[in-house]
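*Asks:* this is a predicted model, with the sequence first.
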Amino acid sequence: MKIGITGCAGRMGQMLVREVLFTDGCSLAGGTEGPGHTTLGQDIAQTAGLEPCGLAITDDSDSLFAAADAVIDFTVAPVTEIHARFTKKHGTNLILGTTGHDGSQLASIEAAAAYAPIVKAMNFSVGVNILFALTKKLAGTLDEEFDIEIVEMHHKHKVDAPSGTALGLAQAAADGRGVDLNHVVDRGRDGITGERIRGHIGLAALRGGDVVGEHDVVFAGSSERIKLSHIAASREIFAKGAVRAALWSAGMSPGLYDMLDVLGLSSGDA
């Protein structure tokens with residue numbers, strides 16, 4: 001499979017380049033950066049700290065999608081509609097790790113999924129997606145006597161809170177209980193908040209140091225607590241999961257998928 005990388009000179013992009021080049025069954029189709037980026041024209045592999053591969057970084061996303069069987073996008077939400085348009089035009093599989101999409105951007109993803117398989121995930125770590133499945137199952141098993149609190153910690157440079165993964169865990173808990181997350185989520189309590197509301201799901205975000213990502217889901221009952229945890233020690237796990245998703249997408253019918261589909265956990269079994 002020929003895999004292209006958008007944002008290939010960034011920290012995550014470089015990891016994706018290395019993962020594609022080191023993984024059997026796939027090859028590098030090319031890589032892009034935004035117009036005016038300082039790495040344009042440089043060798044993609046060399047920018048990632050490897051021996052030159054003969055492919056230069058460009059700002060031509062159209063050509064990248066035309067040349068690739070699948071494109072991995074871990075860039076930013078505002079360019080999603082552009083990449084969705086090229087997915088439709090060329091029928092290129094899209095592996096989408098971007099989060100924070102607005103309604104228009106989500107609509108563009110859904111429209112493009114009619115033309116090619118798109119794997120969209122809050123987090124491409126295999127372990128985190130197992131955590132999603134376990135959270136949903138446990139939330140459906142325990143009643144509202146167990147309060148659900150989700151705590152996440154990331155490095156001090158992260159600009160959004162809570163993380164997309166924490167929101168995904170909250171959604172998994174809400175799905176497990178069959179409730180609308182928008183009606184039961186409590187974000188960042190502060191001040192005199194009153195007693196905790198039965199059935200609500202709490203979210204708390206911590207920031208500091210160089211933490212790659214830590215997520216805890218706490219089910220707090222009377223005289224007992226159950227905690228599900230995941231600790232990411234390296235961003236490499238996200239690159240490995242994204243490349244795994246790209247290979248999985250080969251031969252799949254057009255549609256919108258997630259990592260639970262890739263791992264065979266979409267039924268909720270764990």
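*Replies:* In hand now; what should we look at? Numbering: from 1, shown residues only.

*Asks:* contacting residues around residue 179?
*Replies:* Residues near residue 179 by Cβ atoms under 8 Å, 6 or more residues apart in numbering: residue 199. C-betas here are computed from N, CA, C, even on glycine.

*Asks:* so it, which of the three states?
*Replies:* coil (DSSP: H, G, I helix; E, B strand; the rest coil).

*Asks:* for residue 229, same thing?
*Replies:* From three-state DSSP, the assignment for residue 229 is strand.

*Asks:* pLDDT score assigned to it?
*Replies:* As predicted, residue 229 sits at a pLDDT of 98.

*Asks:* residue 247 sits in which helix or strand?
*Replies:* Here residue 247 is covered by helix 236-249, with elements defined by DSSP states H and E.

*Asks:* how far does that helix sit from its chain's centre?
*Replies:* Centroid separation for helix 236-249 versus its chain: 11 Å, with Cα atoms, centre = their mean, to the nearest Å.

*Asks:* can you check stretch 131-142 too?
*Replies:* Taking Cα atoms, centre = their mean, one finds the center of stretch 131-142 at 19 Å from the center of the full chain.

*Asks:* ok, now stretch 56-63?
*Replies:* With Cα atoms, centre = their mean as the basis, the mean position of stretch 56-63 lies at 23 Å from the chain mean.

*Asks:* look up phi and psi at the spatially closest residue to residue 181 that is not a sequence neighbour.
*Replies:* In this structure, residue 181 finds its nearest non-sequential neighbour in residue 174, 3.9 Å apart by Cβ to Cβ, 6 or more residues apart in numbering. Phi and psi for residue 174, reported as degrees, to the nearest 10, are phi -60, psi -40.

*Asks:* and residue 174, what's its pLDDT?
*Replies:* The model's pLDDT for residue 174 equals 98.

*Asks:* from memory it sits against residue 167, does it?
*Replies:* No - using Cβ atoms under 8 Å, residue 174 is not in contact with residue 167; the gap is 10.4 Å.

*Asks:* right, and the helix or strand after the helix holding residue 247?
*Replies:* Following helix 236-249 in sequence order, the next helix or strand is strand 255-257 (DSSP H and E).

*Asks:* just how off-centre is that next one within its chain?
*Replies:* The mean C-alpha position of strand 255-257 is separated from the chain mean by 14 Å, Cα atoms, centre = their mean.

*Asks:* and that strand, what does it pack onto?
*Replies:* The contact analysis (3 or more Cβ pairs under 8 Å, 6 or more residues apart in numbering; DSSP states H and E) places strand 255-257 against strand 117-120.

*Asks:* which residues sit against the strand it packs on?
*Replies:* 87, 93-96, 109, 112, 245-246, 248-249, 252-259, 261-262.

*Asks:* show me which of those are buried.
*Replies:* Burial by neighbour count, 16 or more other Cβ atoms under 10 Å: within those this picks out 87, 93-96, 109, 112, 245-246, 248-249, 256-259, 261-262.

*Asks:* put the alpha carbons of stretch 178-192 into PDB.
*Replies:* Output in PDB follows, covering the C-alpha atoms of stretch 178-192 (Å, rounded to 0.1, in the frame of the first residue of the first chain):
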ATOM      1  CA  GLY A 178     -27.600   5.000  26.900                       C
ATOM      2  CA  VAL A 179     -27.600   8.800  27.700                       C
ATOM      3  CA  ASP A 180     -26.800  12.000  25.800                       C
ATOM      4  CA  LEU A 181     -23.400  13.100  26.800                       C
ATOM      5  CA  ASN A 182     -24.300  16.800  26.300                       C
ATOM      6  CA  HIS A 183     -26.800  16.500  29.100                       C
ATOM      7  CA  VAL A 184     -24.700  14.800  31.700                       C
ATOM      8  CA  VAL A 185     -21.100  16.100  31.300                       C
ATOM      9  CA  ASP A 186     -19.500  18.200  34.000                       C
ATOM     10  CA  ARG A 187     -16.300  20.100  32.800                       C
ATOM     11  CA  GLY A 188     -13.800  21.600  35.100                       C
ATOM     12  CA  ARG A 189     -15.700  22.200  38.300                       C
ATOM     13  CA  ASP A 190     -14.900  25.500  40.100                       C
ATOM     14  CA  GLY A 191     -16.300  27.400  43.100                       C
ATOM     15  CA  ILE A 192     -19.500  26.400  45.000                       C
END
